[in-house]
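>>> Just to be clear, the model below is a prediction. Sequence and coordinates:
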Amino acid sequence: NAGVTQTPKFQVLKTGQSMTLQCAQDMNHNSMYWYRQDPGMGLRLIYYSASEGTTDKGEVPNGYNVSRLNKREFSLRLESAAPSQTSVYFCASNRPGGRSYEQYFGPGTRLTVT
Amino acid sequence: GQQLNQSPQSMFIQEGEDVSMNCTSSSIFNTWLWYKQDPGEGPVLLIALYKAGELTSNGRLTAQFGITRKDSFLNISASIPSDVGIYFCAGQRDAGGTSYGKLTFGQGTILTVHP
């Protein structure tokens, strides 16, 4: 049981390049989330998926797209990377029902855009 | 977007000391969570609070859900070097089922413990 996994762990992009960050969870969670973490800003929600087949914008969605491929996988795509997207990206998921607010996080992807 | 104000921003303490940090908001939250993030890792859930006035412990950690529902507190007793990290508060605003568990995070408190 690996929990929430993210790939890659590190990535360097040039301005204008595109890439997809991958996230998978093996806990049978319904909801999945993408956050970015910048110094002094805490974590800010980019996009979330309440359940398989649905996605919705969070606080800072501009410049990103997401795909909920199936119940396990939720990917984040940067179509044309900008230096302002240099950040640490975290994926998280919720367990179904009950106390669904308790989110479990992956180890993060450290992205640098030059 | 809505923010939680977390303080202090950083703390430098000696091993064995107690630590207190808090989180405040101008709006009501119905759930408060406290996370810890070790360097290079994702946040890990420490304590979840679901009722105003609730006091919950997890080992040396104790957290309280403020009675006004606009604040929460975390205390760490008898700190040890492995307590080093960033502590985040997070709030969940909606009591109903429409928010799908979306959380608002504080800016974090960086804790350094000197042996």
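In hand now; what should we look at?

>>> from here on, contacts and neighbour counts on C-alpha atoms
Will do.

>>> who's in contact with B:Q92?
With C-alpha atoms under 8 Å, 6 or more residues apart in numbering or on different chains as the criterion, the residues that contact B:Q92 are A:101, B:29-32, B:101-104.

>>> just A:Q22 next, same as before
A:6-8, A:73-76.

>>> Next to chain B, which bits of chain A? Give me the list.
Applying the criterion C-alpha under 8 Å from any C-alpha of the partner chain, the portion of chain A that neighbours chain B consists of A:31, A:40-44, A:50, A:59, A:90, A:94, A:100-108.

>>> Could I have the buried ones of these as ChimeraX selection syntax?
One line in ChimeraX is enough to select the buried members of the residues of chain A next to chain B, burial here meaning 16 or more other C-alpha atoms under 10 Å in any protein chain shown:
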select /A:31,42,43,44,50,90,94,100,101,102,103,104,105,106,107,108
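
>>> A:S31 contacts A:R95, correct?
Yes - in this structure, A:S31 sits in contact with A:R95. The criterion is C-alpha atoms under 8 Å, and the distance is 7.4 Å.

>>> Test my guess that A:S49 contacts A:N65.
No - between A:S49 and A:N65 there is no contact under C-alpha under 8 Å: 11.8 Å.

>>> more crowded one of these two?
A:S49 (23 against 17; other C-alpha atoms under 10 Å in any protein chain shown).

>>> check contacts around the residue nearest to that one when sequence neighbours are not counted.
Of all residues not flanking A:S49 in the chain, A:T55 sits nearest, at 4.2 Å (C-alpha to C-alpha, 6 or more residues apart in numbering or on different chains). With contacts defined as C-alpha under 8 Å, 6+ apart, the neighbours of A:T55 are A:47-49, A:66-68.

>>> Return the subset of those lying in strands.
With strands defined by DSSP state E, the entries of the contacts of A:T55 inside them are A:47-49, A:66-68.

>>> For those, which two are the farthest from each other?
Spatially, the most separated pair among those is A:Y47 and A:R68, at 10.6 Å (C-alpha to C-alpha).

>>> out of the two, which sits in the busier spot?
Taking neighbours as other C-alpha under 10 Å, A:Y47 and A:R68 compare with A:Y47 leading, 24 against 21.

>>> Could you check the pLDDT of the more buried one?
Looking at A:Y47, its pLDDT reads 96.

>>> wait, it sits on A:P61?
Yes - A contact is recorded between A:Y47 and A:P61 when judged using C-alpha under 8 Å, the distance being 6.2 Å.

>>> any chance you could map the strands in the chain?
As the question left the chain open, I've gone with chain A. For chain A, the strands defined by DSSP E cover A:4-7, A:10-13, A:19-25, A:31-37, A:43-49, A:56-57, A:64-68, A:74-78, A:87-94, A:103-105, A:109-113.

>>> Chain B is the one I meant
Counting by DSSP E, chain B has these strands, from start to end: B:5-7, B:10-14, B:19-24, B:31-37, B:44-49, B:55-58, B:61-65, B:71-76, B:85-92, B:104-105, B:109-114.

>>> Who are the packing partners of the last one?
What that stands for is strand B:109-114. Under the contact criterion of 3 or more C-alpha pairs under 8 Å, 6 or more residues apart in numbering or on different chains; DSSP states H and E, strand B:109-114 touches strand B:10-14, strand B:85-92.
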